[in-house]
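Student: Need a 3D model of the sequence below.
(4 chains)
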Number of protein chains: 2
Amino acid sequence: MLSTKLSSVTIDGSTGAATGARRRRPRGAVREGLVAAGLELARAGGPDAVVLREAVRMVGVVPNAAYRHFANRDELLAAVCTAAMRELAARMAAGVGRVRGKHGDPAAARRRLQAIGRAYLEFARQEPGLFATAFAVPNQHAYGAPGGGAGPYPLPLDQLRAVLDELADAGVLSRRRRAGIEYPIWSAVHGLAVLTGQGPLRDAPDATRRHIEDVTSSFIEAGLA
Amino acid sequence: MLSTKLSSVTIDGSTGAATGARRRRPRGAVREGLVAAGLELARAGGPDAVVLREAVRMVGVVPNAAYRHFANRDELLAAVCTAAMRELAARMAAGVGRVRGKHGDPAAARRRLQAIGRAYLEFARQEPGLFATAFAVPNQHAYGAPGGGAGPYPLPLDQLRAVLDELADAGVLSRRRRAGIEYPIWSAVHGLAVLTGQGPLRDAPDATRRHIEDVTSSFIEAGLA
DNA sequence: TCCGGTTTGTGGACGATGTCCACTAACAAG
DNA sequence: CTTGTTAGTGGACATCGTCCACAAACCGGA
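Tutor: You can find the predicted model right below:
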């Protein structure tokens, strides 16, 4: 098991009385705490590691308390997945934000596309648990709408679209080729992340990994022209 | 729960005595039965549905009997994953085998590449549980070696390589472009399968799905030339 | 033929998990 | 202060993976 003790997500430094300590937390604190705890569990072990009883333990509350905020474990997991997806989106936004260059500059647009892909793959490598969780939304629960009421950051697909639109504006990508090209590009990057992450290529040495990334990058660039 | 009763994987029409029925199965029968049962469970519900106690129930044996053949549940799951991967490989081989045309004919080679991709995506769509299971080999258990002692069919990557080699032989794909191109192509197809299967694109209507597939197909073809 | 060792299945148990029901303390409004 | 709602507690249950001790079936030598 090697259950390393994760950072506690305790809400307040309670008096910790022995029995029936019925201290009540501020509004929404338990729910947020559960999601935060679930996120830590997911970070360490992927979606399957998001176990309700462990999360409530971290928050310092009895198992049933969770059922005041989520209908069942799947609903908690869905909330955690959304949070994980938001973190991925944030990293992508940060990565693309670091690229200098005016909108409309072809070279800058190209670099932004690369930055998006790199951020995606970096997140998948550095946070395999969160990455898997972001895409493990349980059936019967929906992914955020494309417009995105999902959070402060646009979803990955929308960020990719924005950059591709910029490439089209800059003339790097013809209007004809632009149509729908977000899908093969996203697929290629996502597939790469999955195959080298938990998939059959997960044991490939770093050199091979880099080679695969380079080839894929060239392949995508070639697909633009 | 809606636990529909799956087809039983009983081994022999036993006498079914009440207690201590210690009938012993033919060599390896229990192990094979467990894998078959696990495969059914995986087909219906993915890797998480491969629950040891349910598998042994289907085989008609007590839970502990499984531990004579597998060290733990993960090892059983690993065997099931291998079986699922073998089934994917078989479908791919069948798909590519249906394509007529001599080795060396450029048009035939192109069609074979398409057939491989189509078989892959078709399997992912028709057997989502098995597809997910094939790629859900638990950590600490290895995927089959590239050469493939894994089974009667070459692994997906090797089949793809064979077709790409044929494309190179036929002159469709220059030697220079051939190097490593299996990775972006595999990634694109796999990513597509994952994203439209259980991923964020899983609720896309069929028309959109087809459009995405077409665009991806064109993208890959463009990457050859 | 008997006999001792190895396989393989059984019985019973344990801890952990998700979930349900009834109860009650804390809070908000009148 | 009363009253109704909300949010956390306590206890229980079925199910799951796994461990230990035991015994029946099988096998190869004497």
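
Student: quick one: contacts of stretch A:82-93?
Tutor: When contacts are defined by C-beta atoms under 8 Å, 6 or more residues apart in numbering or on different chains, stretch A:82-93 is touched by residues A:35, A:38-39, A:42, A:116, A:119-120, A:122-123, A:127, A:130-131, A:133-135, A:137, A:143-144, A:150-156, A:159. Any C-beta I mention is one placed from the backbone N, CA and C, and that applies to glycine too.

Student: Torsion angles phi and psi at the closest residue to DNA strand D within chain A?
Tutor: Checking chain A residue by residue against DNA strand D with C-beta to the nearest atom of the strand singles out residue A:62 as nearest, at 3.2 Å. Backbone geometry at residue A:62, expressed as degrees, to the nearest 10, gives phi -80, psi 150.

Student: Compute the number of surrounding residues for it.
Tutor: 10 (other C-beta atoms under 10 Å in any protein chain shown).

Student: Next one, pLDDT for the closest residue in space to it that isn't next to it in sequence please.
Tutor: Using C-beta to C-beta, 6 or more residues apart in numbering or on different chains and skipping the chain neighbours, the partner closest in space to residue A:62 is residue A:56 (6.6 Å). Looking at residue A:56, its pLDDT is 98.

Student: host element of residue A:56?
Tutor: helix A:52-59 (DSSP states H and E).

Student: if we can go back for a sec, roughly how far does the residue of chain A closest to DNA strand D sit from DNA strand C?
Tutor: Relative to DNA strand C, residue A:62 is positioned 9 Å away (criterion: C-beta to the nearest atom of the strand, to the nearest Å).

Student: near chain B at all, the helix or strand where residue A:191 lies?
Tutor: Under the assignment given by DSSP H and E, the secondary-structure element containing residue A:191 is helix A:182-197. Yes - contact of helix A:182-197 with chain B (C-beta under 8 Å from any C-beta of the partner chain) involves A:183-192, A:194-195.

Student: Check the secondary structure at residue A:114 for me.
Tutor: When the structure is reduced to helix, strand and coil (DSSP: H, G, I helix; E, B strand; the rest coil), residue A:114 reads as helix.

Student: how close does the closest residue to it other than its chain neighbours get to residue B:223?
Tutor: Taking C-beta to C-beta, 6+ apart as the measure, residue A:114 lies nearest to residue A:217, with 7.0 Å between them; neighbours along the chain are not counted. Spatial separation of residue A:217 from residue B:223 under the definition C-beta to C-beta, to the nearest Å is 12 Å.

Student: next one: residue A:69
Tutor: Residue A:69 sits at a distance of 48 Å from residue B:223 (criterion: C-beta to C-beta).

Student: now residue A:77
Tutor: Taken as C-beta to C-beta, the spacing of residue A:77 relative to residue B:223 amounts to 37 Å.

Student: Of those two, give the one with the bigger neighbour count.
Tutor: Between residue A:77 and residue B:223, counting by other C-beta under 10 Å, residue A:77 is the more crowded of the two (24 against 21).
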